[in-house]
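1. Here's a sequence, model it:
(2 chains, ligands or ions: 3)
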Amino acid sequence: MSDTLIEVSNLKKYYTSSKGLFKKLSDPVKAVDGVSFTIKKGEVFGLVGESGSGKSTIGKTILRIQDKTGGEVKYKGQDIFNLSKKELRHLRVQTQLVFQDPFSSLNPRIRVGDAIGEAVVEHGIVSKQEVRAHVLEVMEKCGLSPFHIDRYPHEFSGGQRQRIVIARAMALNPEFIVMDEPVASLDVSIQAQIINLFSDLQRENGLSYLFISHDISVVEHLCTKIAIMYLGNIVELASKEDLFNQPLHPYTKALLSAVPIPDPTAKRERILLKGDIPSPINPPSGCKFRSRCPSATNLCSEKIPEYREVNKDHFVACHYV
Amino acid sequence: METQSLLVKQQNSKTIVKSPSLWKQTYLRLKKNKMAMVSLFFLMFMFLLSFIGPYFSPYILDRTDVANMNQPPSASHWLGTDNYGRDILTRLMMAGQISLTIGIAAMFLSILIGSLLGAISGFYRGIVDLVIMRLADILMSIPGLPLLLMMGAILSEWKVPAEYRLYLIMIMLSFVGWPGLARLVRGQILSLKEQPFMQATEVLGLSDRRKIFHHLIPNTVPILLVVATLNVAGSILSESALSYLGLGVVPPTPSWGNMMDAANNFMDFRKRPWLWIPPGTAIFLTVVSINLLGDGLRDALDPKLRR
Ligand SMILES: Nc1ncnc2c1ncn2[C@@H]1O[C@H](COP(=O)(O)OP(=O)(O)O)[C@@H](O)[C@H]1O
Ligand code: SF4
Ligand SMILES: [Mg+2]
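-> Ligands and ions are numbered 1, 2, ... in the order given. This next block holds a predicted model:
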């Protein structure tokens, strides 16, 4: 289809750490273990899962910030791990990433205006003479005052810094942005402002997002499609409406049961998950979720549940759906 | 376009608040640190004394004066004379030249070798990293002073002439000094590479040149500057220790360390304190000042680093 922007099939990313010269490789961390999804143009795709489930790894791998272990990532039909140097540079302009922590994602020794403008000049999008005007325009769009331009990042609050990071990404006029928990480290009162900024920018510029969050209620207002991750796999993928109205996977149900509902009279049973998320080095056999699943059976420990389309555009990996 | 020009105008009419550059901010913070400033002025004084002072001295450096041996401080010899009748103040100033030069040169050499090898290790990893770091480990596992003593003894055994020993000492000191620096730089680069802002340079598609010169290096320079400062103090101290033991700079070339040799002799120690108190004080105050300046620099460079 022509409106498919990014197509990820069976993506795998294992982290191996060699300890010393003579010791053999330790078991790999299977951070992402066979994940498939597509993001269409103009779509806001939510990726939700507990910390350590491999969300950031997906975000970085599909932009080729790091190598993959297996599978394929296509951006506009092109395999991104098979690009020439020039094509890769072009990809860097079209795609951007906003990190979780606005404090460490800005170089402390570079002024705000230079941080926003340096890549723009390097890619020849605007000339050195025009860059200041361009930077000011982008800053304005992202809700920053023009007189912030010659200051250093440490002079700003978390919310303002995240606006700077967003402005840095927006300055390149990208088509696709990975947002890696962009509001998780901000005050709740600021979170809403920044999320509003995201939806404004998205609407005005026809952007597509991969929006990562460990908190499903954050993606609720923004996303059109949501994927739920557990230990390196997507366990459920559906449109926002389907997922919220008709969650199928036991893990999704548990996550949704924790979201507060606006109607105080409505009752919903809170499903508490037992235990902690297991280590991705040594996950449970069969269904990785079985150690915490309320409806696990023997079959679950023996056979890996197939990731399949249960209803139209609604994918689940569970034996009992 | 209209909004652009409007913005520019608006921004020009308002006075833009430009933060002073980080180096300037550092200087302003350093200026507030009294200890560091006093140290800085003392060090400047020491430099002037050592490098300019001798030109004002009426005495010739190695000229012995049998008539004026072992004179206590007086109007003509402010710090007295030694066993050969040489003026102590003149020798102290010349020794300062030698000791300060050795300290600074050894520091530059260590920094050069250390940061080069450390940077290579951190950038390329793999087998290069392994070899360099094992080498550094081995050198660091041997305490510095015994190693220096050994090398100094070898120099004496080979009867290396005094004027060459100077340069060999600088090389010896940097040989002992580089492993720590290589580790530091490597660690800095490894941790910087993992910093989201370095990953951001990748996302933004910046060239390697820009990554290295605008992002990596400016973030390693501050810590390197502090360590370099402290390294000078360490080198001066090691050189003094070696020279005091007769294994470093050897007479007739003066150094603060070998002037202290007088303290080895019981008579000189008891009866002629003007022989060893001035070089001892010079070493002590210089090293303390450098350390205080280094500490002040560290605080001024990054207030977050303060312990
Ligand atoms: N650079 C790395 N080296 C080794 N392991 C890593 C690395 N990055 C992430 N991991 C591991 O991969 C798993 C997934 O991490 P991550 O993608 O950051 O999860 P999330 O973003 O969902 O919290 C975690 O177990 C984490 O410890
Ligand atoms: S496959 Fe079994 S363990 Fe896994 S989610 Fe379904 S019921 Fe639970
Ligand atoms: Mg993460």
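2. Can you classify residue A:52 by secondary structure?
-> Under DSSP: H, G, I helix; E, B strand; the rest coil, the three-state class of residue A:52 is coil.
3. again with residue A:177
-> Applying three-state DSSP: residue A:177 is strand.
4. Quick check: closest non-adjacent residue to it.
-> Using Cβ to Cβ, 6 or more residues apart in numbering or on different chains and skipping residues adjacent in sequence, the residue nearest residue A:177 is residue A:96, 4.7 Å away. From N, CA and C alone the C-beta is placed, and that goes for glycine too.
5. Show residues contacting whichever strand or helix holds that neighbour.
-> Per DSSP states H and E: residue A:96 is located in strand A:95-98. For strand A:95-98, contacts defined as Cβ atoms under 8 Å, 6 or more residues apart in numbering or on different chains pick out A:59-60, A:63, A:65, A:75, A:105, A:162, A:165-166, A:169-170, A:172, A:174-180, A:182, B:199-200, B:203-204.
6. Over to stretch B:40-48?
-> B:96, B:100, B:282, B:285, B:286, B:289, B:290, B:293.
7. any idea how far the second one lies from residue B:56?
-> The spacing between residue B:100 and residue B:56, counted by Cβ to Cβ, to the nearest Å, is 18 Å.
8. Give me the more crowded residue out of these two.
-> More neighbours surround residue B:100 than the other of residue B:100 and residue B:56, with 22 against 9 (other Cβ atoms under 10 Å in any protein chain shown).
9. thinking again about what came up before, and the contacts of strand A:95-98, which of them are in helices?
-> Among the contacts of strand A:95-98, the members falling in helices (DSSP state H) are A:59, A:60, A:162, A:165, A:166, A:169, A:170, B:199, B:200, B:203.
10. Just put those in a markdown table and tack on distance to residue A:321, pLDDT and neighbour count.
-> Output for the ones in helices among the contacts of strand A:95-98, formatted as a markdown table (distance: Cβ to Cβ, whole Å; pLDDT from 0 to 100; neighbours: other Cβ atoms under 10 Å in any protein chain shown):
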| residue | distance to residue A:321 | pLDDT | neighbour count |
| --- | --- | --- | --- |
| A:59 | 27 | 96 | 22 |
| A:60 | 30 | 94 | 21 |
| A:162 | 38 | 93 | 29 |
| A:165 | 39 | 95 | 27 |
| A:166 | 38 | 94 | 26 |
| A:169 | 38 | 94 | 27 |
| A:170 | 40 | 93 | 23 |
| B:199 | 38 | 91 | 18 |
| B:200 | 40 | 93 | 25 |
| B:203 | 37 | 94 | 26 |
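11. Please tabulate the residues you listed in CSV, including the columns distance to ligand 2.
-> Converted to CSV, the ones in helices among the contacts of strand A:95-98 look like this (distance: Cβ to the nearest ligand atom, whole Å):
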residue, distance to ligand 2
A:59, 25
A:60, 27
A:162, 35
A:165, 37
A:166, 37
A:169, 36
A:170, 39
B:199, 34
B:200, 37
B:203, 35
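12. Most widely separated two among the residues you listed?
-> Maximum pairwise distance among the ones in helices among the contacts of strand A:95-98 (Cβ to Cβ): 19.7 Å, between A:60 and A:170.
13. if we can go back for a sec, so which of the ones in helices among the contacts of strand A:95-98 would count as near ligand 1 as well?
-> Contacts with ligand 1 within these, counted by Cβ under 6 Å from any ligand atom: none were found.
14. Chain B contacts on the stretch 101-250 of chain A?
-> Residues of the stretch 101-250 of chain A that fall close to chain B, judged by Cβ under 8 Å from any Cβ of the partner chain: A:101, A:104-111, A:118-119, A:122-123, A:132-134, A:136-137, A:140, A:146-147, A:149-152, A:155, A:165, A:168-169, A:172.
15. Do I have it right that residue B:239 meets residue B:249?
-> Yes - the criterion here is Cβ atoms under 8 Å, and residue B:239 meets it with residue B:249 at 6.9 Å.
16. residues shared between the contacts of the two?
-> B:102, B:169, B:255, B:257.
17. Nearest to chain A among the residues you listed?
-> Among the shared contacts of residue B:239 and residue B:249, residue B:102 lies closest to chain A (Cβ to the nearest Cβ), at 32.9 Å.
18. Would you map the strands across the stretch 51-200 of chain A?
-> A:70-75, A:78-79, A:95-98, A:176-180 (DSSP state E, counting those that start in this stretch).
19. Can I get the ones you listed in JSON lines including distance to ligand 1 and mean pLDDT?
-> Below are the strands of the stretch 51-200 of chain A laid out as JSON lines (distance: least, Cβ to the nearest ligand atom, whole Å; pLDDT from 0 to 100):
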{"stretch": "strand A:70-75", "distance to ligand 1": "15", "mean pLDDT": "95"}
{"stretch": "strand A:78-79", "distance to ligand 1": "22", "mean pLDDT": "94"}
{"stretch": "strand A:95-98", "distance to ligand 1": "12", "mean pLDDT": "95"}
{"stretch": "strand A:176-180", "distance to ligand 1": "7", "mean pLDDT": "95"}
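20. Tabulate those (TSV), appending distance to residue A:258.
-> Output for the strands of the stretch 51-200 of chain A, formatted as TSV (distance: least, Cβ to Cβ, whole Å):
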stretch	distance to residue A:258
strand A:70-75	31
strand A:78-79	39
strand A:95-98	26
strand A:176-180	22
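21. Turn the buried ones among the residues of the stretch 101-250 of chain A next to chain B into a named ChimeraX selection, would you?
-> Command for ChimeraX that selects the buried part of those, burial taken from 16 or more other Cβ atoms under 10 Å in any protein chain shown:
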select /A:101,104,105,106,107,108,109,110,111,118,119,122,123,132,133,134,136,137,140,146,149,151,152,165,168,169,172
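22. any chance you could map the helices in the stretch 151-300 of chain B?
-> B:162-194, B:196-203, B:208-210, B:217-244, B:256-259, B:266-271, B:277-301 (DSSP state H, counting those that start in this stretch).
23. Alright, I will stop here.
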